[in-house]
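# 3D, please:
(3 chains)
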Amino acid sequence: MTIAGPQSGSLTGHGAAGGAVQPTGPGPAPPRRSRLGRLWPWFIVALGVVYFVTPLLGTIRLSLRHNKGTWEAWRLMLGNDQMWPAFGQSIVNGLATILVSLLIIVPTAYWVALKMPRLRPLIEFITLLPFVIPGVVLVLALIRLYSAPPLLLTSTYNSTRVVMICAYAALSFPYMYRSVDNGLRSIDVRSLTEAAQSLGAGWPTIVTKVIFPNIRLAILSGALLTFAIVLGELTIALYMAQRTLAPFMADIVRNKPFEAAALTLIAFSVTWLSLGMISYVTNRAGRRT
Amino acid sequence: MSVAEPVRKNMGGAKRPPFRFRWNWLGVMPFLLFAGALLILPTIVLGARSLTGPDGATTFENYGNMATPVVIDSFRLSIKISLITALVGGMFGFLLAWSMVLGGLPRPVRSLLSTFSGVASNFAGVPLAAAFIATVGRVGLFTILLKAAGFDIYKVGFDLYSFIGISVVYLYFQFPLMVLVITPSIEGLKKEWREASENLGASTYQYWRHIALPVLMPSILGAMILLFGNAFGAHATAFALTGGNLRLATILIGQQISGDVLQNPGLGYAVAMGMVAVMAVSIGIYSILQRRSERWLA
Amino acid sequence: MYGAGRSALLYDDFDQKEANHHMKRNLALLSAFAIIIAACGGTSTDTTAAPGTTVGATATTAASPDTAAGASDTTVAGDPMGALVAAAEAEGMLTTIALPHDWCNYGAVIDGFKAKYPNIEVNELVPDAGSADEIEAIKANQNNPGPQAPDVIDVGLAFGPSSKAEGLIQPYKVSTWDSIPDDAKDADGYWYGDYYGVLAFEVNTAVQADVPTDWADLLDPKYNGQIALAGDPRASNQAIFSVYASALGNDGSLDDAQPGLDFFAQLNTAGNLVPLIAESGTVASGETPVTIRWTYNALANRDENGDSIQVVVPATGRFGGVYVQAISTYAPHPNAAKLWMEYLYSDEGQLGWLSGYCNPIRYEDMAARGVVPADLAAKLPDTVGAVFPTIEQIEAAKTLIVEGWDSTVGLNVGG
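Just a heads-up that it's a prediction; the model follows:
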């Protein structure tokens, strides 16, 4: 690719290629490039879109093949009175998990980056543990450890729900830590901290007013990933007797393939919408500062 | 306690008091306690059960039983599929992220792609397998359309229910994961660097080769280890597509500790501890690569 | 990367060895702390606890009426029954596990129980759990009084004696105990057969119009890429028993399952066998148009997804399998569990299973008394000549199939 002349300036007026996810502040400028070079991103995105949309097309067709009528699967699914409460529980769990995960990971990642960089491999190893502990083993171990007297943390539905949200936060650690760590790498943590300290800020202020806003995009990535995990998590919810989306979905998938296809698409859309709202809220908060 | 303190306190090069390290540890205590209660303790429980024989006595025989071709092959398969999907997922995911951030796409498109990546990153397991089956399975939508056009993909050797097929399906959640995790880093590339390099006469290729990629390398490596772990621990998707016939480590564990047969749970737990060990080794390798990539920047 | 140049200056006093020493010491302390917590948390949960009828049973006088009442239907509220109902309602909850609603029409059975005892909440765990999962759940929930601990289990026949040996189940003899065949129950009352079925071919005739009538038909080239097992042949009852059953139709016997493995090797070589796991969904969508499942599962799928799904019991090699019920030793609601058993073994409960195409274990007794509605009886498929393996035979066959599957059948998916 050659350097283009000044006539093909940046495509958008300011900052990086647009998108609601873009934080205000300095960002990379889209490089000037030749006409052909401008097409590459579109080509790559088009490839990506084709790959992602294709399985959904198959799912749409499957959802229209119910033996009692084309739209029967959709009718049954949308009329199912257990679906929306299950969605509600999962969404609330997702938001709560994001909160817990952020509260633990952001200060930790910041601290490790600033003060104890040699500890990073250990922290990263711990955050990757969720990948190698089988779900069934994890949930049964949690029950073993915390359900017995005197802890009795799982004796009611809601107390179990709290334990489950904490477990989900732990499951989100790989994604949240990686996102936040990547975000911290792209800002100069040391200078920012020193500047804030020289202005008299204490640690809580630094973390909330200096670090959080500067890694907003990274936090958003982590939050999106966490939310998706919570909505899709099955095994822990099953063994902890929680009525969330995934157990409900497993019930439908078992013997109702056409309704399951419709439900998959509904879940996809609801999740997408929720993530869109999280994204929107995060960016509005960003613009206000 | 300020960052500048260490310099003040130790001008004389005297042996610093160990006391200070405790304060630093305080900062990571919340994380360690939380992870300890919810991840490390279960891992210890897992380890304890892996040392238990069928009769309840403590024994190392489960680890001894791991030295069979079946178990070793399962690790080989798991590592293979994780490496492949991490590399392919990482590369194309990076390209996608680059296109989204620097590609000059309109705002709504970028926002849509970003949130879609969030959804797709966890679209795994039975629904994902069902979606692919419904599309390119033996009676999937595209299979049938292509057959009507005279082209039978299954006769040509395509098979969804194979190692390659599963790898392609895994990429469905690997690509978006890479996109989401690496986008903040690409966002963080300062436009001043690009402008400076252009002022000095560097081409786009040189900019990427000597400035942008090296700067991004630690983050890219970090993202790839995440993709590796993600694929390594995946179970439901592969199981839904091939039954137990692709003997990944996770599927092997499932066969020992779940289902309807009285198998050897101790062996399952031992294999799980083996996975923990593989993960630790991977972190080790990754850390070495990380440090080398960071050293460039110093 | 974090201002790397300056960090070197700020950390000129940073001594790596000292740091490592402190880190190691702190890690050691942390690990010791964690191990102590884990030990106190009771990780040694696999030791057999003392089983006994007295665990949690507050209504022991009502609990085990060994004398079978003449009228086995529980609507006759004799005094022991009334006390059990009261105790169960005081507990207020029953936790079940591994009961999918379309398996033997458990949906209707559970609804019937809820309608009869509206003050008892039925808490259903993990419907897709396998027998081993149910056992693991009992073990993990030993000290848990909460809703995650299963009260009752429904497991494969082989798990009855093994969980009794591990002390995980407690004995209880329902009021209709005597009408349960002797070879389907434990003499001491720890476990008891609940229903049985026969393996049959399930075919989606919209995709494959030719329905096989016997095992040998499956080798026909027209089934190329169409046959799948309904589970993982190393972990699923249906899959393993399918292989076992095919032995019966290929000059094998209940003592010799090897011909079954050889038969499936032939299927694989012919290209008829697909590695995908067949479920109701994949049969109905046509992806796996031919599979082998319990009659009750296949017929339930037909009811749900249309008459294009046909169910045929093979002409030879008819294989029957029994499942058993048991109450967990650590059940937080033992009286509700006992009431549940009473309900299941009452005529009402048994007929509930019959409506799901399962043969309830008391079928002979009920048919003799004329309690079975004719239309329900007519819906059952013809299973004459089905053979039922003993527990020892099951164990031997399972070991053979699980260990021999890879080497004999070699269903290799690459990699």
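# is chain A contacted by the helix or strand in which residue B:146 is found?
Using DSSP states H and E, residue B:146 falls within helix B:141-148. Yes: judged by Cβ under 8 Å from any Cβ of the partner chain, helix B:141-148 and chain A are in contact via B:141, B:142. Bear in mind the C-beta positions are built from the backbone N, C-alpha and C, glycine included.
# What residues of that helix count as buried?
Neighbour-count burial for helix B:141-148 flags B:141, B:142, B:143, B:146 (criterion: 16 or more other Cβ atoms under 10 Å in any protein chain shown).
# what sits up against that helix?
Contact with helix B:141-148 is made by A:54, A:57, A:58, A:61, B:134, B:135, B:136, B:137, B:152, B:153, B:154, as judged by Cβ atoms under 8 Å, 6 or more residues apart in numbering or on different chains.
# and those near chain C, which?
B:134, B:137, B:154.
# The first one and chain A, how far apart?
Residue B:134 sits 4 Å away from chain A when distances are taken as Cβ to the nearest Cβ, to the nearest Å.
# Could you name the helices and strands sitting against the helix or strand harbouring that residue?
Assessed by DSSP H and E, residue B:134 sits inside helix B:126-136. Helices and strands touching helix B:126-136, by 3 or more Cβ pairs under 8 Å, 6 or more residues apart in numbering or on different chains; DSSP states H and E, are helix A:35-63, helix A:245-255, helix A:257-288, helix B:141-148, helix B:163-187, helix B:236-242, helix C:280-285.
# Go again with 7 Å.
helix A:35-63, helix A:257-288, helix B:141-148, helix B:163-187, helix B:236-242 (3 or more Cβ pairs under 7 Å, 6 or more residues apart in numbering or on different chains; DSSP states H and E).
# Of all the ones you listed, which one is nearest residue B:87?
Among the helices and strands packed on helix B:126-136, helix B:163-187 comes nearest to residue B:87, with 9.7 Å by Cβ to Cβ.
# mind listing what's buried in the helix or strand following the closest one?
With elements assigned by DSSP H and E, the helix or strand that comes after helix B:163-187 is helix B:191-199. Buried positions in helix B:191-199, judged by neighbour count with 16+ other Cβ under 10 Å: B:191, B:194, B:197, B:198.
# Could you do stretch A:69-83 as well?
Buried-residue list, stretch A:69-83, by 16+ other Cβ under 10 Å: A:72, A:73, A:74, A:76, A:77, A:80, A:83.
# what pLDDT, on average, does it get?
Averaged over stretch A:69-83, pLDDT sits at 90.
# hey, C-alpha coordinates of that stretch in PDB?
Extracted C-alpha coordinates of stretch A:69-83, given in PDB (Å, rounded to 0.1, in the frame of the first residue of the first chain):
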ATOM      1  CA  GLY A  69     -47.500 -24.200  10.700                       C
ATOM      2  CA  THR A  70     -44.800 -21.900   9.400                       C
ATOM      3  CA  TRP A  71     -45.100 -19.400  12.300                       C
ATOM      4  CA  GLU A  72     -46.100 -21.800  14.900                       C
ATOM      5  CA  ALA A  73     -42.700 -22.000  16.600                       C
ATOM      6  CA  TRP A  74     -42.600 -18.200  16.900                       C
ATOM      7  CA  ARG A  75     -46.200 -18.100  18.200                       C
ATOM      8  CA  LEU A  76     -45.500 -20.700  20.800                       C
ATOM      9  CA  MET A  77     -42.300 -19.200  21.900                       C
ATOM     10  CA  LEU A  78     -43.500 -15.600  22.200                       C
ATOM     11  CA  GLY A  79     -46.500 -16.800  24.000                       C
ATOM     12  CA  ASN A  80     -44.500 -18.900  26.500                       C
ATOM     13  CA  ASP A  81     -45.000 -17.300  29.900                       C
ATOM     14  CA  GLN A  82     -41.900 -18.600  31.400                       C
ATOM     15  CA  MET A  83     -39.600 -17.000  28.900                       C
END
